[in-house]
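[1] Generate a structure from the sequence data that follows.
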Amino acid sequence: GNDKNIITKHTCLHHHGNLQPPAITNTKEFEPASIHRTNTYIMRIYLHSELSAAHATHGVAYDDYAQYASYCTRRLARLRHAKDVRRELLHCRMYKNALSTRIAEEGTKEGGAGGGGGSNKARHAYRPIELTNLPSEVLASSENYFWEPLYCAERCWASSMAVKSENNDRQQSSNAADGALGGKNDPRRDWTPGQVRARSLKRLRKAAKFATLLETLTTSTKAAPSAGGEGEEDATTTAAAAATPPANPPVDQHTQMEARAYASWMRGNL
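    Predicted structure coming up:
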């Protein structure tokens, strides 16, 4: 009996003289790393490598922080207008029903974006967003949810460094009024050292806030909202949310450590 089984197995593997590969039953293990699957593939993002490349090619290498701030603005526009994330990342009121819309407090208008909703002007009014409202499943669907707060923090940091760099160059210049830093048209020409420091610290605080947001998103375990009706009571909804098990983080531990290190470094700049 054992010899018969061996012969049958040998015949199946060497059918027509060719060795047949074993059948692949789980194709997810053989997918490329660029494919993100919820609960099966944990995304890894190399934050420090991205920042090193951006700093080296967009002005930071030779202390041109204004150029780097402009690059961050353009990069943010491209990230937010991507087709699969624009509903959650754009600040347009036409997407007021998105999950990322910040919940309005009592006594304020809906979403803080102003009244109306039928006119074209109201559709493009400002909509405040809160990325922490997004469940882990949505965050794991695109890298743009993590690049957006990262480049917001980088833009604020670059603006802070640009203010200090321009002030130092202005002090070292022999003729600041007619120099290459704007001359009489420079709005910061007559700033005192206290004003320069206050402006720099303001931008650094904002950069630290975005860096902390990035760290929070990488460790988010928020589950997807349940498909309940609109007329349910608050107690029932709260109990269902408490009973829902936490989801897996959207990124792996390597990305979480890089985000934690970046946030710690940005908070240390204050």
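
[2] Quick check: buried residues in whichever strand or helix holds A158?
    Using DSSP states H and E, A158 sits within helix 144-172. Within helix 144-172, the residues that count as buried by 16 or more other Cβ atoms under 10 Å are 144-163, 165-167, 170. To be clear about C-beta, it is placed using only N, CA and C from the backbone, and glycine gets the same treatment.

[3] again, but for stretch 208-219
    Under the neighbour-count criterion of 16+ other Cβ under 10 Å, stretch 208-219 has 208-215, 217-218 buried.

[4] Tell me where the protein has strands.
    Under the criterion DSSP state E, the chain carries no strands.

[5] List the residues that contact P149.
    By Cβ atoms under 8 Å, 6 or more residues apart in numbering, P149 lies in contact with 131, 210-211, 213-214, 217.

[6] Now go through these and say which are in helices.
    210-211, 213-214, 217 (DSSP state H).

[7] Against A54, how distant is A66?
    15 Å (Cβ to Cβ, to the nearest Å).

[8] Equivalent analysis for M43, please.
    20 Å.

[9] One more: R260?
    20 Å.

[10] for K222, same thing?
    29 Å.

[11] Out of the buried residues of stretch 208-219, flag the one nearest to N97.
    Using Cβ to Cβ, L217 comes nearest to N97 of the buried residues of stretch 208-219, at 21.3 Å.

[12] in the stretch 1-150 of the chain, which spans are helices?
    2-13, 47-57, 65-80, 86-89, 120-123, 136-139, 144-172 (DSSP state H, counting those that start in this stretch).

[13] which one of these has the lowest average pLDDT?
    Mean pLDDT values for the helices of the stretch 1-150 of the chain show the minimum at helix 2-13, a mean of 42.

[14] which stretches of the stretch 101-250 of the chain have low pLDDT?
    The stretch 101-250 of the chain contains residues with pLDDT under 70 at 104-121, 174-186, 227-243.

[15] let's see 90
    Within the stretch 101-250 of the chain, the stretches with pLDDT under 90 are 101-129, 164-196, 221-248.

[16] circling back: closest to S226 out of the contacts of P149?
    Once Cβ to Cβ is applied, the member of the contacts of P149 that ends up nearest S226 is L131, at 20.5 Å.
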